[in-house]
Structures are given as structure tokens and as C-alpha cells.
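1. prediction below, plus the sequence it came from.
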Amino acid sequence: MYDYIKGTITNIKNNAIVVENNNIGYLVNVSNPFSYEIGKDYKIYIYQHITEEENTLYGFKTPEEKDFFLKLISVKGLGCKMALPILAVGSIEGIMDAIERENVLYLKKFPKIGDKLAKQIVLDLKGKLEFIGVGISEDEMETENELKEVLIGLGYKEKEITPVLAKVDTSLPIEGQVKDALKLLLR
């Protein structure tokens, strides 16, 4: 079983990328192939799906995205080819929130997800998902840790800070993130 591949993107297809590593091009199915750039190096977290008919690689930008995909495919009736578009269309946090709130209508907006399968997703995954750190890249994690340290330095406790971190706009510079976090904490 593979954990990840480090390599250069040499081709982008409709639903996959080709990652070259040691002169071998790996065809990797991804949720959004156009978020990658040809000629750029990436670390792609891999899930290898083997059946009698196929041996397929699925790739993810973060280990959290890969873990969430594995939880999705553990749902009865939800395979890899149905789970990948879910990750392409929705945010992991939004999907997890919908599952926890039993929001079947939200889940039905994804391709090939009907009422029965949406209810099965809720049944199989509610209460089994962790919210902290999901979908955060290494750069965002560093910024989040920096923001956390600033807020702790201002006297806030970690249990107060944790729910606020997910709501702060990470595209802002650290000063803007601190302002956003303080507004949320003072509510």
C-alpha cells in the first residue's frame, strides 16, 4: 500500500493527473485536477484501490482529505468513483457538518447521491468524524498555530480558541486574522 508519492505533474486530464517519480508516470485520480500545475512538484497522498477489474490510484493534497475519503468509501453503497466528486464539489467541513446535523438535503446535492444513500452516509458516519485540522495544508497549519499562540498570549484558553480557528479567514495577513478571531471571541 502506498502512503504518498512525491513527483512532478506532467499531465492534467479531466479527472486525473500524471505524477512522474523516478521516470515513471503514475495516473492518479483526484477530485480537482485543475488545482495542480504542470511542471510543479507535489506531495500527493495516495489511496490504492484494487479490484478484479482495476488497480486505481486516488490522490489527495492532505492526509486529512485522504482520511475523509476513506471514511466516505466505508459507507455502504458509496464507492471511490462516487466519493471523489463529493470532495470536488463540497468542503470537508461542510460535508462533516451536514452529516453531524443529519442534513440529508445538503448531501443530496452531490452527484449520484439520492435520498437513500444520503441517509446511509448519516447513519454510517454521524459521530465518527473529527473536526479539528481537517483540510488544512501545512502553510495554513503554521498560520493557525501562530494565530493560536497570539491568542493564548492575549489570555484566551485553548478550549475557547479552537472553535474560532475554523471560522477565521486564513487568506488575511496574521494581523487581520487576529482581529477576526477577537471579534468572534468577544461575541
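-> Looks like it arrived, so ask away.
2. ranges for the strands of the chain?
-> Per DSSP state E, the chain carries strands over the ranges 4-12, 16-21, 24-29, 41-50, 55-60.
3. quick check: the residue sitting nearest the centre point of the chain vs residue 172, distance?
-> In the chain, the centroid-proximal residue (C-alpha atoms, centre = their mean) is residue 65; its distance is 3.2 Å. Using C-beta to C-beta, to the nearest Å, residue 65 is found at 23 Å from residue 172. C-betas here are computed from N, CA, C, even on glycine.
4. just residue 93 next, same as before
-> 18 Å.
5. and for residue 40?
-> Distance from residue 40 to residue 172, by C-beta to C-beta: 25 Å.
6. and the two? Which one has more around it.
-> residue 172 (13 against 8; other C-beta atoms under 10 Å).
7. mind listing what that one touches?
-> Shown in contact with residue 172 (C-beta atoms under 8 Å, 6 or more residues apart in numbering): residue 180.
8. looking at this protein, which helix or strand is least sure?
-> helix 138-153 (a mean of 69; mean pLDDT, DSSP states H and E).
9. let me have the strands of the chain in CSV, adding distance to residue 102, mean neighbour count and mean pLDDT as columns.
-> Putting the strands of the chain into CSV (distance: least, C-beta to C-beta, whole Å; neighbours: other C-beta atoms under 10 Å; pLDDT from 0 to 100) gives the following:
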stretch, distance to residue 102, mean neighbour count, mean pLDDT
strand 4-12, 34, 16, 96
strand 16-21, 33, 19, 97
strand 24-29, 30, 16, 97
strand 41-50, 27, 16, 96
strand 55-60, 26, 20, 96
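10. those strands into CSV, with extra columns for distance to residue 145?
-> Putting these into CSV (distance: least, C-beta to C-beta, whole Å) gives the following:
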stretch, distance to residue 145
strand 4-12, 22
strand 16-21, 29
strand 24-29, 29
strand 41-50, 20
strand 55-60, 22
